[in-house]
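[1] dropping a prediction and its sequence here:
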Amino acid sequence: MSRSLFAFFCVLLFCAESLAQHIPPCQGNAHSSPICWGYATGRAFNRSWSDSRCPLSTLNLGGISDAFFDFISWNPASVRSRDIIKFGSNHAAYVHTPGGTIGTITVDQYSTMRTREETNIPLQQVIDEHGPPTDICRKKPLWQMSVQNSFTGGKVEVENQEYDAPFTLSNLYWETTVSIDAVMDGRDHQNYMRRFEKWEKGGGFHSSSKATSSTLTHYSYSTPMNHTAYLWREFDITFQNSLPGASGGQIKIGSPTYTAPKIVQVVEVLNPNVTAEGLYQVINHIEYTFSSWSPGGSTSASTTFYPGDHTTYTASFSAKPQPPPGVSAGGSVGSYVQVTWSDHPHQQVTQYQIWRKVKKQNQNEGPPVLLTTVSRGTTSYTDYEYLVTDGYTNDLVWYDVRSYFSINGTYSDPNWIAVFARQELLAKREISEGKQPENVAVVPLEYEVASYPNPFNPSTTIRYTLPHDAQVKVGVYDLMGREIARLVDAEKNAGMYQVVWHGVDERGEALPSGIYLVRMTAQALNGNERIEKTKKIVMMK
């Protein structure tokens, strides 16, 4: 993380108008006319003749203060830049260039004799006017600075060097510039990633605006400075699904949808909440409907959470199977109704219920009746009570194959398929006597495939006829010829059949409106005849 992005440029001000406007010995009440003491002192504190904060042209001080300067016995070899050379009680001059000898040292001064500022004057000239120097006056270190984090420990950076926090920098001069950086931003500490927000000095915060410089400029009037980098904990929030018989699934966090489990981060104080939504979804032909969140127990699919630590939120779901794929009912006219399907893709669908309901001509529809329950692996059922007819001249019979999901004991919703048929009481009697019913079939003359209704929404019944026993495939394709859903793939006796398509693909996901192709391919079992029939269908939503 960029240092410049997470440190602040701030200036510690004093008083109204700010004490940093003036040098420490002045404090704003010594501006009338220039004298040499004020001039030399001001130059030592980086002020100029026409300075806007503390102009030397008006600085009137009565001497060099031992509260802010150390006094060193005169020795030209000891002179440094920014020192003041004192000439007893007569005069003071600011060192312009140290040289080690009287002949190489130059000074800046205010000349009371000539009433003007003079710069880069040979020291010897000043000695000629005011006598020999008596002292070297050198600024004292006035204060110290400590830097720490808002939590215990971690690291801080001072002057581009990392230290264990807290770190104290001592013997700093007034108006010393020190750069500090909150380097723990983006680092792991005490099992939390830390995110920087702001600096605090003493009892107040620095501006929360992030500056382009990491430099903090301090103006101090012999006052220690304490800087605290506030770095908040970042919480790892895990969102996951509890899906009977499945793992993963989808989950919505904010606006985007993700594959679960998904970990997101929130920062205490700065961003303490996150909204997630448990989504209805179909996985492997099992429908999952949101029920509740834990912890918390919210039954609202979209819920806003306010975590106070690393937390895992789990969306629990109820589960219900879809019907087995490829359910069809029919047969050749005059044959007993045969119901067929394919095994459900989910291995925990362990059995199927076969239901029937009947509407006789000029009568109301009768109640659903459970005919039998068969185990997984069984994919057909023959109803020996009804013979297929070629129209609605007798009974309209519906069949439903319901999947049983063993994990939570649920069945698929009813999905009825209609067949024209008539009841055959003789067949029922013959079966009870252990006889094989006779199949008096009316065999279709041609291979055909049709769909009704067309256009359709949400489902259509696809009817197909076989004049010969055949290996049959019936599927739905897009206009590019890609198979979307396989509805039938089995050997069939000659006859009339139908299967319902609900506008979904092999995974049970709904398809968009558009034009699709229904294609029947039949390979006769008694020869080499191979027939392909295609029908265009339109789904409108």
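    In hand now; what should we look at?
[2] quick check: what element follows the longest strand along the chain along the chain?
    Taking DSSP state E as the criterion, the chain has its longest strand at strand 225-242. Next helix or strand after strand 225-242 toward the C-terminus (DSSP states H and E): strand 250-253.
[3] still on that earlier bit, just the mean pLDDT for the longest strand of the chain, thanks.
    Here strand 225-242 scores 93 as its mean pLDDT.
[4] which ones are touching the residue nearest to the spatial centre of the chain?
    What sits nearest the mean C-alpha location of the chain, by Cα atoms, centre = their mean, is residue 264, with 5.0 Å. Residue 264 makes contacts with 236, 237, 239, 253, 274, as judged by Cβ atoms under 8 Å, 6 or more residues apart in numbering. Quick note: C-beta positions are derived from backbone N, CA and C, even for glycine.
[5] next helix or strand past the lowest-mean-pLDDT helix or strand in the chain?
    When each helix and strand of the chain is scored by mean pLDDT, DSSP states H and E, helix 425-432 comes last, with a mean of 41. Downstream of helix 425-432, the next assigned helix or strand under DSSP H and E is strand 448-452.
[6] from the contact counts, what lies against that next one?
    Helices and strands touching strand 448-452, by 3 or more Cβ pairs under 8 Å, 6 or more residues apart in numbering; DSSP states H and E, are strand 460-466, strand 514-524, strand 530-539.
[7] swap the cut-off to 10 Å and go again
    strand 460-466, strand 495-501, strand 514-524, strand 530-539 (3 or more Cβ pairs under 10 Å, 6 or more residues apart in numbering; DSSP states H and E).
[8] what about the strands in the stretch 1-150 of the chain?
    Using DSSP state E, counting those that start in this stretch, the strands of the stretch 1-150 of the chain run over residues 69-73, 84-87, 91-97, 106-111, 116-122, 135-139, 143-149.
[9] show residues contacting the second one.
    Read it as strand 84-87. Strand 84-87 has contacts (Cβ atoms under 10 Å, 6 or more residues apart in numbering) with 36-37, 39-41, 43-44, 63-64, 69, 71-72, 74, 76, 79, 91-95, 105, 107, 109, 123, 126-127, 129-139.
[10] which residue is most remote from the mean position of the chain?
    Here the chain reaches farthest from its C-alpha mean at residue 128, the gap being 77.9 Å by Cα atoms, centre = their mean.
[11] quick one: contacts for it?
    Neighbour list for residue 128: residue 122 [criterion: Cβ under 10 Å, 6+ apart].
[12] and it, how far from residue 291?
    Counting by Cβ to Cβ, to the nearest Å, the gap from residue 128 to residue 291 is 100 Å.
[13] and if you look at residue 183?
    As defined by Cβ to Cβ, residue 183 lies at a distance of 46 Å from residue 291.
[14] so these two - more neighbours on which side?
    A side-by-side neighbour count of residue 183 and residue 291, using other Cβ atoms under 10 Å, places residue 183 first with 23 against 14.
[15] helix/strand/coil for the more buried one?
    Of the three states, residue 183 takes coil under DSSP: H, G, I helix; E, B strand; the rest coil.
[16] ok, it to residue 167 distance?
    Distance from residue 183 to residue 167, counting by Cβ to Cβ: 11 Å.
[17] and if you look at residue 378?
    77 Å.
[18] so which of these two has more stuff around it?
    In this view residue 378 and residue 167 are compared by other Cβ under 10 Å, and residue 167 has more residues nearby, 17 against 14.
[19] what is that one paired to in the beta sheet?
    Per DSSP bridges, the residues bridged to residue 167 are residue 147.
[20] which residues sit in contact with it?
    145, 146, 147, 148, 155, 156, 157, 158, 161, 180.
[21] specify the beta-bridge partners of the fifth one.
    When bridges are called by DSSP bridges, residue 155 pairs up with residue 164.
[22] same thing with the last one?
    For residue 180, the beta-bridge assignment (DSSP bridges) gives partners residue 158.
[23] gap between it and residue 231?
    From residue 180 to residue 231 the distance is 13 Å (Cβ to Cβ).
[24] let me see the domain layout of the chain.
    Segmentation of the chain into domains, based on automatic domain parsing, reads 1-9+142-321, 25-139, 328-432, 448-539.
[25] quick one: end-to-end distance for the shortest one.
    With Cα to Cα, to the nearest Å as the measure, the first residue of domain 448-539 is 21 Å from its last.
[26] could you do the second one as well?
    The stretch domain 25-139 measures 12 Å between its terminal residues, going by Cα to Cα.
[27] circling back to that earlier point, anything in contact with each of residue 183 and residue 167?
    155, 156, 157.
[28] which of these sits closest to residue 523?
    Nearest to residue 523 out of these is residue 155 (Cβ to Cβ; 76.2 Å).
[29] okay, now the closest one: neighbour count?
    The number of residues near residue 155, taken as other Cβ under 10 Å, comes to 17.
[30] go on, residue 491?
    Residue 491 has 10 neighbouring residues, counting by other Cβ under 10 Å.
[31] and the residue nearest to it when sequence neighbours are not counted, how many neighbours does it have?
    The shortest distance from residue 491 to any non-neighbouring residue, by Cβ to Cβ, 6 or more residues apart in numbering, is to residue 471 (5.4 Å). By other Cβ under 10 Å, 14 other residues sit near residue 471.
[32] and residue 471, what element?
    Element membership for residue 471, per DSSP H and E: strand 470-477.
[33] quick one: the residue farthest from the centre of the chain from residue 102, how far?
    Note on residue 128: its distance to residue 102, by Cβ to Cβ, is 11 Å.
[34] anything in contact with each of the two?
    Common neighbours of residue 128 and residue 102 (criterion: Cβ under 10 Å, 6+ apart): residue 122.
[35] okay, the angle between the longest strand of the chain and strand 143-149?
    Counting by axes from the mean of the first three to the mean of the last three Cα atoms, to 10 degrees, strand 225-242 lies at 0 degrees to strand 143-149.
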